[in-house]
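K.L.:
Show me how the following folds:
(one chain, ligands or ions: 1)
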Amino acid sequence: MSNRLDWVRTELQALRDAGLYNHIRTIGSPQGAWLIVDGKRVLNFCSNNYLGLANHPALVAAAKKALDEMGAGPAAVRSIAGTTTLHVELERRLAKFKGVEAAITFQSGFNANLATIPALVGKEDVIFSDRLNHASIIDGCRLSGAKIIAYDHCHVASLEAAIKENLSQHRRGLIVTDGVFSMDGDVAPLPEIYEVARRYDILLMVDDAHGEGVLGKGGRGIVDHFGLHGKVDIEVGTLSKAFGVVGGVVAGNALIIEWLRQRGRPFLFSSAVTPPDAAACIAALDLLESSTELVDRLWENARYFKAEMKALGFDTGVSTTPITPIMLGGAPLAQQFSRELFEAGVFAMAIGYPTVPQGKARIRVMISAAHAKDDLDQGLEAFAKVGKKLGVI
Ligand SMILES: *Cc1c(COP(=O)(O)O)cnc(C)c1O
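P.N.:
Okay, here's the model as predicted:
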């Protein structure tokens, strides 16, 4: 009998024993403040649906119209079979929204990073990457074959020391950082990073997946938040979080966008998002450009929830954004906390290693404009109950 798969069984059991096994819940309803999860109605504290757009009537209507007019699928990669008017329109509108020269869309934010980094740097080059960057940035860096130097998290002196030591031995350099760090909710010191990039004339790239629709005027993102228009070469984003749909975007300098259309491998070798996806994203832009109401409500909700959680005695970490980590320490405690919350009618996932460092397991609460104050109060009540029961507060 063959035992070539025994190692998989062993590894899976090790994950279970360490409290690191991913139990994936099944959702039986549209996204919103409340969900049907595994048949139970629960308060949704998990999704990145920051503005409640995932099931917004305007997005659903736009997707239906595109489905009727343009069909269900794109049928081939854009560089071979052409691209729809909807995709072109989406890119034009995204560039305008972000206040940049040009934009290109991808199937996901993950793919946007996999496309962009290897197109910009190769074996002769060096990348300076924040130690806590998202997995898709890390994979994009590895794929490029460039030398990767991880600098200390949000530490500009560490970044500069790494540049001084390494840049001269390489053809060119790239600095890459998350805008908002998804597990802690802290924001990269982009103005200081920009000063360093300018001083050494290095390409600067920021992944604003959790900043788009959240930071800046009406959700225009981290570059707008810091007033750095025209200074950041490459802004990566996702259309799957605040935008509520699916897809990735790279916005910035027109030359770089043109280069990505020629050399971004996920653009050249993988089909685009569907016409209904593109149309729904355009509808999201219409909403964002017409009013700041949703973004304002998101921040109001986030401030309220975070202040109340602190008052209850929870450690909410270093977040300055609507991402609200509840720091618990051990992964088994975080998993138990999440299970108890679910029993109490709250869907909030435990996050452990390797998504966050060992010993820094947490429940991550994602606040949304879709939450009413009543919803937040119910969530707080459940956290208080479980926190007391498990001796956390
Ligand atoms: C979520 C996220 C991504 C991936 O976006 P998808 O569109 O879901 O693939 C990339 N980068 C960062 C920083 C993210 O938080």
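K.L.:
Now do the same for whatever helix or strand Arg364 lives in: mean pLDDT, whole number.
P.N.:
Arg364 is located in strand 361-366, with elements delineated by DSSP states H and E. Mean pLDDT, strand 361-366: 97.
K.L.:
what does stretch 236-248 give?
P.N.:
On average, stretch 236-248 scores 98.
K.L.:
anything in that stretch near the ligand?
P.N.:
Yes: judged by C-beta under 6 Å from any ligand atom, stretch 236-248 comes into contact with the ligand at 238, 240, 248. No exception for glycine: its C-beta is placed from N, CA and C like everyone else's.
K.L.:
circling back: tell me which other helices or strands the strand holding Arg364 touches.
P.N.:
strand 323-329, helix 331-343, strand 350-351 (3 or more C-beta pairs under 8 Å, 6 or more residues apart in numbering; DSSP states H and E).
K.L.:
and this structure, which residues reach the ligand?
P.N.:
Going by C-beta under 6 Å from any ligand atom, the residues of the chain near the ligand are 108-110, 134, 136, 178, 182, 207, 209-210, 238, 240, 248.
K.L.:
Of those, grab the buried ones for ChimeraX.
P.N.:
Per 16 or more other C-beta atoms under 10 Å, the buried members of the residues of the chain next to the ligand correspond to this ChimeraX selection:
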select :108,109,110,134,136,178,182,207,209,210,238,240,248
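K.L.:
In strands, which of the residues of the chain next to the ligand appear?
P.N.:
178, 207, 238, 248 (DSSP state E).
K.L.:
Could you work out the most separated pair of those residues?
P.N.:
Across those, the longest distance by C-beta to C-beta is 14.2 Å; it joins Asp178 and Gly248.
K.L.:
that older thread, just the closest of the residues of the chain next to the ligand to Val356, please.
P.N.:
Nearest member of the residues of the chain next to the ligand to Val356, counting by C-beta to C-beta, is Ser182, at 9.9 Å.
K.L.:
My guess is that closest one contacts His134. True?
P.N.:
Yes: at 6.4 Å, Ser182 and His134 qualify as touching, with contact defined as C-beta atoms under 8 Å.
K.L.:
Now do the shared contacts for these two.
P.N.:
Residues touching both Ser182 and His134 (C-beta atoms under 8 Å, 6 or more residues apart in numbering) are Ala209.
K.L.:
Got the phi and psi for the residue lying closest to Leu203 once chain neighbours are set aside?
P.N.:
If the residues on either side of it in the chain are set aside, Leu203 comes closest to Leu174, at 4.6 Å by C-beta to C-beta, 6 or more residues apart in numbering. Main-chain torsions, Leu174, degrees, to the nearest 10: phi -140, psi 130.
K.L.:
For Leu174, give its distance to the ligand.
P.N.:
Here Leu174 is placed at a distance of 16 Å from the ligand (C-beta to the nearest ligand atom, to the nearest Å).
K.L.:
Can you verify my assumption that that residue contacts Val121?
P.N.:
Yes: using C-beta under 8 Å, Leu174 is in contact with Val121, at 5.0 Å.
K.L.:
Overlap in contacts, the two.
P.N.:
Joint contacts of Leu174 and Val121 (C-beta under 8 Å, 6+ apart) are 127, 146, 203.
K.L.:
got a winner among those residues for most neighbours?
P.N.:
The member of those that has the most neighbours, counting by other C-beta atoms under 10 Å, is Ile127 with 27 neighbours.
K.L.:
did I read that right, that one in a strand?
P.N.:
Yes: under DSSP: H, G, I helix; E, B strand; the rest coil, Ile127 falls within a strand.
K.L.:
just checking, it touches Leu120?
P.N.:
No: Ile127 lies out of contact with Leu120 (C-beta under 8 Å); the separation is 9.0 Å.
K.L.:
joint contacts of the two?
P.N.:
Common neighbours of Ile127 and Leu120 (C-beta under 8 Å, 6+ apart) are 144, 174.
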